[in-house]
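Student: Sequence first, then the predicted structure, then my questions.
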Amino acid sequence: MSRYDPSVRSHRAVLTFEIPTRIGFVNITPRVEEALAESGVREGLCLVCPMHITASVFVNDDEQGLLRDFERFFEELVPHGPRSRYRHNETGEDNGDAHIKRQLMGREVVLAVTGGRLDFGPWEQVFYGEWDGRRPKRVLVKIIGE
Amino acid sequence: MSRYDPSVRSHRAVLTFEIPTRIGFVNITPRVEEALAESGVREGLCLVCPMHITASVFVNDDEQGLLRDFERFFEELVPHGPRSRYRHNETGEDNGDAHIKRQLMGREVVLAVTGGRLDFGPWEQVFYGEWDGRRPKRVLVKIIGE
Amino acid sequence: MSRYDPSVRSHRAVLTFEIPTRIGFVNITPRVEEALAESGVREGLCLVCPMHITASVFVNDDEQGLLRDFERFFEELVPHGPRSRYRHNETGEDNGDAHIKRQLMGREVVLAVTGGRLDFGPWEQVFYGEWDGRRPKRVLVKIIGE
């Protein structure tokens, strides 16, 4: 019964974030690390993605100036208004821009897990990126490995 | 022999799409769900990606106004013509723009599989995004898990 | 002892690249294929990502004109200068633009592995994309499967 059994193992966690502004970025690395510790996975892959379509998960630097650069850049490229700018807003929504911003920034990240840790370079941090906030939103963490 | 054996399991499916216009978006969620059902995987990850370099697979909302917003936004940001705009077109191609659009929209999605289903929020749908259509193209679905 | 044992298997490799210019693209497909051969994985998923936050890994066409189109397009959309354009540069860095370009081009790719090979269409090639070069940078390859 002591035979080493490298059977596949999976784990699921859901994190909830409520950003008080329309656009905002939160470093969620500690929360993803917690989910990974709970999983017991030593070697594998860790998917982190929003369960919503106006949000992004991405990996970049935790530097406040950069986060403001992201906000300014994407707002200039895909302005929120006027509301009539987007056909999607004819449905009664006002977040047509947020759906496009999320595509440009990206939906998800897949992270390597090595020795039970996120296998990151020195500056890599995982962020939740909100493009249409002021309500609670969920982020799914799914880990698979051994 | 009744011992539970959570050995790793994988499945591959190829879907083919022919979009009658240069640019177009198709909700392929039912096709991905079929592949997942065939796989028998209960817990794992599902990669969905085009086997072509002028197409995207992405997750967003199945709303016609939004899909038109995507088309207009990307065509304005990366215009198809004039043909001389792109060095790539000197090869005889006329799809330099399509290669860039695919990078901005994204290549692939990785989806969580939980309890044998795509682990989606209420509005998430998987799309095939075509940037250089009018010919058959393939989408690969690769599922791994237990 | 001849029982087929499809237990989960994982492999990690790190590749290093030093691009002599600020921006540059290198086809790293042969290097990823080597890592895959070493892994012994036959069916699974292969994550390829930079361990840095001003670089991208992406799949596209190995055509020199296209690579120049990528450089020109992203430099026009997210100009490197003037330095004061980006708040991030107030930290003493001059690579604010590179962090944004990496988000637009994408961070990582997840590739399907089938029969021990990268499961690619005829034109798909994996690239390392550098947005802030002239120093050595690492790319992580993590493979999981059976």
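Tutor: That came in fine, so what should we check first? Residues are numbered from 1 along each chain as shown, chains lettered A, B, ... in the order given.

Student: The residue sitting nearest the centre point of chain A pairs with what?
Tutor: Taking CA atoms, centre = their mean, the centroid of chain A lies closest to residue A:57, which sits 2.0 Å from it. In this entry, residue A:57 is beta-bridged to residue A:128, by DSSP bridges.

Student: check contacts around it.
Tutor: A:28, A:48-50, A:106-109, A:126-129, A:139 (CB atoms under 8 Å, 6 or more residues apart in numbering or on different chains). Just so you know, the C-beta spots here come from the backbone N, C-alpha and C atoms, and that holds for glycine as well.

Student: Identify those among these that sit within strands.
Tutor: If you go by DSSP state E, the contacts of residue A:57 have A:48, A:49, A:50, A:109, A:126, A:127, A:128, A:129, A:139 in strands.

Student: Just give me the closest of these to residue C:32.
Tutor: Using CB to CB, residue A:109 comes nearest to residue C:32 of these, at 18.7 Å.

Student: quick one: that closest one and chain C, what's the gap?
Tutor: 7 Å (CB to the nearest CB, to the nearest Å).

Student: just residue A:144 next, same as before
Tutor: Counting by CB to the nearest CB, the gap from residue A:144 to chain C is 7 Å.

Student: Touching, that residue and residue A:9? I think so.
Tutor: Yes. Using CB atoms under 8 Å, residue A:144 is in contact with residue A:9, at 7.3 Å.

Student: More neighbours: these two, which one.
Tutor: residue A:144 (28 against 19; other CB atoms under 10 Å in any protein chain shown).

Student: Can you list the residue ranges for strands in chain A?
Tutor: For chain A, the strands defined by DSSP E occupy A:9-18, A:24-27, A:44-50, A:55-60, A:109-114, A:117-118, A:125-130, A:136-145.

Student: highest average neighbour count across these?
Tutor: Among those, ranked by average contacts under mean count of other CB atoms under 10 Å in any protein chain shown, first place goes to strand A:44-50 (a mean of 26).

Student: Send over that strand as CSV, restricted to the C-alpha atoms.
Tutor: Extracted in CSV, the C-alpha atoms of strand A:44-50 (Å, rounded to 0.1, in the frame of the first residue of the first chain):
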residue,chain,number,x,y,z
GLY,A,44,0.4,20.6,-12.9
LEU,A,45,-1.5,23.5,-14.4
CYS,A,46,-3.7,26.1,-12.7
LEU,A,47,-6.4,27.9,-14.7
VAL,A,48,-7.6,31.2,-13.4
CYS,A,49,-10.5,32.9,-15.2
PRO,A,50,-13.4,35.2,-14.5
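
Student: Residues in contact with it: which ones?
Tutor: By CB under 8 Å, 6+ apart, strand A:44-50 touches A:9, A:28, A:32, A:35-36, A:56-57, A:107-113, A:118, A:126, A:128, A:137-146, B:45, B:110, B:112, B:121, C:8, C:10, C:45, C:47, C:142, C:144.

Student: For it, give the mean pLDDT please.
Tutor: Averaging pLDDT along strand A:44-50 gives 98.

Student: Partner strands of that strand and their direction?
Tutor: The strands beside strand A:44-50 in its sheet (DSSP bridges) come out as strand A:109-114 (antiparallel), strand A:136-145 (antiparallel).

Student: by contact count, what packs against the helix ranked longest in chain A?
Tutor: Assignment by DSSP state H gives helix A:64-77 as the longest helix of chain A. For helix A:64-77, the packing partners by 3 or more CB pairs under 8 Å, 6 or more residues apart in numbering or on different chains; DSSP states H and E come out as strand A:24-27, helix A:96-105, helix C:96-105.

Student: Dump those into JSON lines; add mean pLDDT and distance to residue B:64 as well.
Tutor: Formatted as JSON lines, these follow (pLDDT from 0 to 100; distance: least, CB to CB, whole Å):
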{"stretch": "strand A:24-27", "mean pLDDT": "98", "distance to residue B:64": "29"}
{"stretch": "helix A:96-105", "mean pLDDT": "98", "distance to residue B:64": "12"}
{"stretch": "helix C:96-105", "mean pLDDT": "98", "distance to residue B:64": "26"}
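
Student: got JSON lines for the ones you listed, with distance to residue B:97 too?
Tutor: Shown next, in JSON lines, are these (distance: least, CB to CB, whole Å):
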{"stretch": "strand A:24-27", "distance to residue B:97": "30"}
{"stretch": "helix A:96-105", "distance to residue B:97": "16"}
{"stretch": "helix C:96-105", "distance to residue B:97": "15"}
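
Student: Select, out of those, the one closest to residue C:73.
Tutor: The closest of those to residue C:73 is helix C:96-105. By CB to CB, the value is 9.4 Å.

Student: Is any residue of the closest one near chain A?
Tutor: Yes. Using CB under 8 Å from any CB of the partner chain, we find that helix C:96-105 touches chain A at C:96, C:99, C:100, C:102, C:103, C:104.

Student: is it true that the last one touches residue C:76?
Tutor: No. Using CB under 8 Å, residue C:104 and residue C:76 do not qualify as a contacting pair, with a distance of 12.0 Å.

Student: Look at those two and report which has more neighbours.
Tutor: Comparing residue C:104 with residue C:76 by other CB under 10 Å, the one with more neighbours is residue C:104, at 21 against 8.

Student: Now for the more buried one: which residues touch it?
Tutor: A:104, B:103, B:104, C:74, C:77, C:78.

Student: In the residues you listed, find the pair that's most separated.
Tutor: B:103 and C:78, at 13.2 Å, using CB to CB across those.

Student: in chain A, which ranges drop under the pLDDT threshold?
Tutor: Residues of chain A meeting the criterion pLDDT under 70: A:1-6.
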